[in-house]
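> starting from these lines, generate the structure:
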Amino acid sequence: MSATDLADVEYAVHSLAQTAVDKEKEFGDLDAVVGDGDLGYSLARGFEKVLADWDSFKRDDVATFLQQIALAISSRIGGTSGPLWGTAFLRASAAAKAADTIDGTAVVAMLRGATDGIKARGNADLGDKTLLDALIPATDELERQLAAGASPAECRTAFATTIRECADATSTLQAKRGRASYSGERSIGSPDAGAVAVAIIVEGIVADWP
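Numbers count the residues shown, from 1 in each chain. Reported below is the predicted structural model:
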């Protein structure tokens, strides 16, 4: 692992955390359409903790860093979001630990680990109208871009574009998980709040990539 690997991961996590805090009201409003409206509040409280503790996190390697992020989030976010995001970061940490270098292949493995963790913890899968419906196809596209020899910038752009398209496309699905599932067919017609939030977060990371 090089210092650049860790710096890139630090940048991405810090950008994610800042967006979660800055977009608290927007994410809450999205979630209030058919959900319980607490997504913005939950994410903001969890990632406020990450930003507050930022300088104290150990930076021995990417895996250690991500593990600490997971613990910070889990200790602060309530409801279902805390366990899901905490598990996602823990699984990403495990994948990073198994990689010699944090290259594109390792990033795909980290994302796969995160989505597998969310699947298991949330008992959800593709088609259930969750953030998985945006994150999994975007990870598939990233893997395709890497296999085709795309540049890092092209890979980031393709990932962000796909995650946005797939997040918007969740409006055609009926929610099967979370409070939104109680709405039944009424959940059709509006996108999943978690998927859109992740798209906004990723777009911010890519737009300002150093």
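> wait, residue 76 touches residue 82, no?
Yes: here residue 76 reaches residue 82: they are 7.2 Å apart, a contact under CB atoms under 8 Å. C-beta coordinates here come from the backbone N, C-alpha and C atoms, glycine included.
> and for those two, which residues touch both?
Common contacts of residue 76 and residue 82, defined by CB atoms under 8 Å, 6 or more residues apart in numbering, comprise residue 46.
> and for the residue with the largest distance to the centre of the chain, nearest residue in space, chain neighbours not counted?
Residue farthest from the centre of the chain, counting by CA atoms, centre = their mean, is residue 185 at 26.2 Å. Once flanking residues are discounted, residue 185 sits nearest to residue 174: 6.1 Å by CB to CB, 6 or more residues apart in numbering.
> so is residue 82 in a helix, a strand, or just coil?
Residue 82 carries the three-state label helix when classified by DSSP: H, G, I helix; E, B strand; the rest coil.
> find the nearest non-adjacent residue to it, please.
Per CB to CB, 6+ apart, closest to residue 82 is residue 74, 5.4 Å.
> show me the shaky parts of the chain.
For the chain, the stretches flagged by pLDDT under 70 are 1-4, 78-79, 179-180, 182.
> ranges for the strands of it?
Assigned strands in the chain: none (criterion: DSSP state E).
> how much space separates residue 157 from residue 7?
20 Å (CB to CB, to the nearest Å).
> might one say that residue 105 is in contact with residue 142?
No: Residue 105 lies out of contact with residue 142 (CB under 8 Å); the separation is 10.2 Å.
> nothing else from me, thank you.
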